[in-house]
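Q: model the structure of this input:
(one chain, ligands or ions: 1)
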Amino acid sequence: MQRILSGVRPTGGIHLGNYLGAIRNWVTMQHQAKESLFCIVDMHALTTLDASENLAENTYTIAAAYLSAGIDPDRSSIFAQSHVPAHTELSWIFSCITPLGWLNRMTQFKEKAGKHKDLACLGLYAYPVLMAADILLYKATHVPVGEDQKQHLELARDIAGAFNRRFGEDLFPIPEPMIFGTATRVMSLRDGTSKMSKSDISEYSRIELLDTADTVAQKIRKAKTDMEPLPDTFSGLEHRPEAQNLVNIYATLANMSPDAVCQEFAGENFSPFKHKLAELMAETIVPMGEKMRQYLSDKAELDRIMKKGAHRANELATAHMIDVRRAIGII
Ligand code: TYM
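A: Model (predicted):
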């Protein structure tokens with residue numbers, strides 16, 4: 001792999017889905033790629049920012065999460081999107097070659113804008129174009145994300161192709177989405193048919209990385225399940241979305257296959273399984289939260305790490321933007 005890039009929005013409540021679906025995979029991939037960049041996409045957070053949120057604190061929290069999960073700042077660049085102004089410049093250029101029809105297909109805009117589409121801001125609509133710029137600015141070849149970002153990645157590929165054709169040069173490599181593992185779509189603990197998300201009003205729907213062991217245990221105890229015992233294979237969980245979700249989470253955290261997890265608990269009800277799952281989280285997720293708190297108590301160190309990351313990111317961005325401007329004819 002030549003160059004990987006990915007990011008998380010600093011919108012508060014970073015959760016198990018973000019970790020298992022994305023960040024955890026980055027930790028292994030940073031050792032396989034020639035170069036890796038992990039961005040805290042604060043400009044994206046602006047699209048849904050509400051007055052109660054503290055963007056600065058949330059930005060530090062995501063940086064702390066990357067580090068606590070095992071992103072090595074000596075190997076990978078960790079930086080805030082807003083510290084590299086070329087993201088927004090390239091985004092504007094892409095806005096001028098992206099047909100509205102492509103954006104009208106984006107399901108996340110429809111979900112986020114809700115019923116009042118006319119009141120949604122322009123930034124929310126243009127969001128996927130900025131995301132394409134995040135990726136292509138660095139000529140990233142591989143983009144590890146959770147399943148929900150697939151459509152945005154397809155758009156980034158289309159935009160890369162459109163630019164290359166329009167200006168007659170293969171300036172941008174077509175980025176490959178990397179969606180892999182047993183937790184590409186972690187579901188809500190309250191409803192196995194909807195995604196675990198930062199914006200769900202119920203805190204019981206998600207495990208947050210900063211949750212204490214007690215909170216985690218309580219959330220797992222209250223997680224929705226059903227009355228049936230666990231079967232001995234994963235395929236036996238058909239039509240039981242909440243059970244499937246918990247088994248997948250267990251499997252990912254324990255580095256087991258979902259079938260092996262079912263075999264271990266076959267014939268039992270959910271109570272011992274949930275007990276073990278809470279223990280597993282106390283060993284894996286809770287210590288990460290503790291490390292995050294340590295990082296968060298030393299903002300100067302986080303600033304130093306993000307400054308170093310932004311320096312490298314700006315170096316690449318500056319070089320690539322020279323090619324982009326030349327290809328377009330901007331003097
Ligand atoms: P965001 O901040 O919503 O989520 C960050 C990452 O976590 C993954 N994820 C999940 N994976 C599994 N199960 C879930 N329930 C779950 N919820 C979230 C997401 O797929 C993502 O990988 N648009 C992006 C941020 C972004 C970006 C980029 C990503 C901006 N520019 C460039 C990659 C490359 C987003 O909103 O992610």
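Q: strands of the stretch 101-250 of the chain, start to end?
A: In the stretch 101-250 of the chain, strands defined by DSSP state E, counting those that start in this stretch lie at 142-144, 176-178, listed in chain order.
Q: mean neighbour count, these: which tops it?
A: strand 142-144 (a mean of 24; mean count of other CB atoms under 10 Å). Every residue, glycine included, has its C-beta placed from N, CA and C.
Q: does the ligand sit close to it?
A: Yes: Strand 142-144 is in contact with the ligand by CB under 6 Å from any ligand atom, via V143.
Q: as TSV, the strands of the stretch 101-250 of the chain with mean pLDDT would be great.
A: As requested, those are exported to TSV (pLDDT from 0 to 100):
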stretch	mean pLDDT
strand 142-144	98
strand 176-178	98
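Q: for R304, find the nearest of these.
A: Closest approach to R304 among these (CB to CB): strand 142-144, 25.5 Å.
Q: just checking, what packs against the closest one?
A: Where contact means 3 or more CB pairs under 8 Å, 6 or more residues apart in numbering; DSSP states H and E, strand 142-144 is packed against strand 3-8, helix 24-29, strand 176-178.
Q: go again with 10 Å.
A: If you count contacts as 3 or more CB pairs under 10 Å, 6 or more residues apart in numbering; DSSP states H and E, strand 142-144 packs onto strand 3-8, helix 24-29, strand 35-40, helix 122-136, helix 150-166, strand 176-178.
Q: turn those into JSON lines, including distance to A251.
A: Shown next, in JSON lines, are the helices and strands packed on strand 142-144 (distance: least, CB to CB, whole Å):
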{"stretch": "strand 3-8", "distance to A251": "22"}
{"stretch": "helix 24-29", "distance to A251": "13"}
{"stretch": "strand 35-40", "distance to A251": "25"}
{"stretch": "helix 122-136", "distance to A251": "29"}
{"stretch": "helix 150-166", "distance to A251": "21"}
{"stretch": "strand 176-178", "distance to A251": "19"}
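Q: format those as JSON lines; extra columns: distance to the ligand.
A: Formatted as JSON lines, the helices and strands packed on strand 142-144 follow (distance: least, CB to the nearest ligand atom, whole Å):
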{"stretch": "strand 3-8", "distance to the ligand": "4"}
{"stretch": "helix 24-29", "distance to the ligand": "9"}
{"stretch": "strand 35-40", "distance to the ligand": "7"}
{"stretch": "helix 122-136", "distance to the ligand": "4"}
{"stretch": "helix 150-166", "distance to the ligand": "6"}
{"stretch": "strand 176-178", "distance to the ligand": "9"}
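Q: quick one, which of these is nearest to L189?
A: Nearest to L189, of those and by CB to CB, is helix 24-29 at 18.4 Å.
Q: tell me the average confidence for the closest one?
A: For helix 24-29, the mean per-residue pLDDT is 97.
Q: ok, and what's touching that helix?
A: 1, 4-6, 8, 16, 18-19, 33, 36, 38, 66, 69-72, 76, 142, 144-146, 178-181, 183-184, 252-253, 284 (CB atoms under 10 Å, 6 or more residues apart in numbering).
Q: repeat that for 7 Å
A: 4, 6, 36, 38, 69-71, 144, 178, 180-181 (CB atoms under 7 Å, 6 or more residues apart in numbering).
Q: which residue does the stretch 101-250 of the chain have closest to the ligand?
A: G146 (2.4 Å; CB to the nearest ligand atom).
Q: how many residues are close by that residue?
A: 22 (other CB atoms under 10 Å).
Q: who in this protein is up against the ligand?
A: 5-9, 17-18, 21-22, 41, 44, 131, 134-135, 143, 145-146, 148-149, 152, 183-186, 195-196.
Q: just to revisit the earlier point, could you export the strands of the stretch 101-250 of the chain as a markdown table, including distance to L237?
A: Formatted as a markdown table, the strands of the stretch 101-250 of the chain follow (distance: least, CB to CB, whole Å):
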| stretch | distance to L237 |
| --- | --- |
| strand 142-144 | 27 |
| strand 176-178 | 26 |
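Q: what's the end-to-end length of stretch 80-87?
A: Using CA to CA, to the nearest Å, one end of stretch 80-87 lies 11 Å from the other.
Q: could I get the buried residue list for it?
A: 80-84, 86-87 (16 or more other CB atoms under 10 Å).
Q: my guess is S205 meets L189, correct?
A: Yes: the pair S205 / L189 is scored as a contact, 5.5 Å apart, by CB atoms under 7 Å.
Q: have a look at those two and say which one is more surrounded.
A: Taking other CB under 10 Å, S205 and L189 do not tie; L189 has more neighbours (25 against 21).
Q: with adjacent residues omitted, what lies nearest to that one?
A: A223 (4.1 Å; CB to CB, 6 or more residues apart in numbering).
Q: that neighbour: how many residues sit nearby?
A: Neighbour number of A223 under other CB under 10 Å is 23.
Q: my guess is it contacts S188. True?
A: No: contact criterion CB under 7 Å: A223 and S188 do not qualify, at 9.2 Å.
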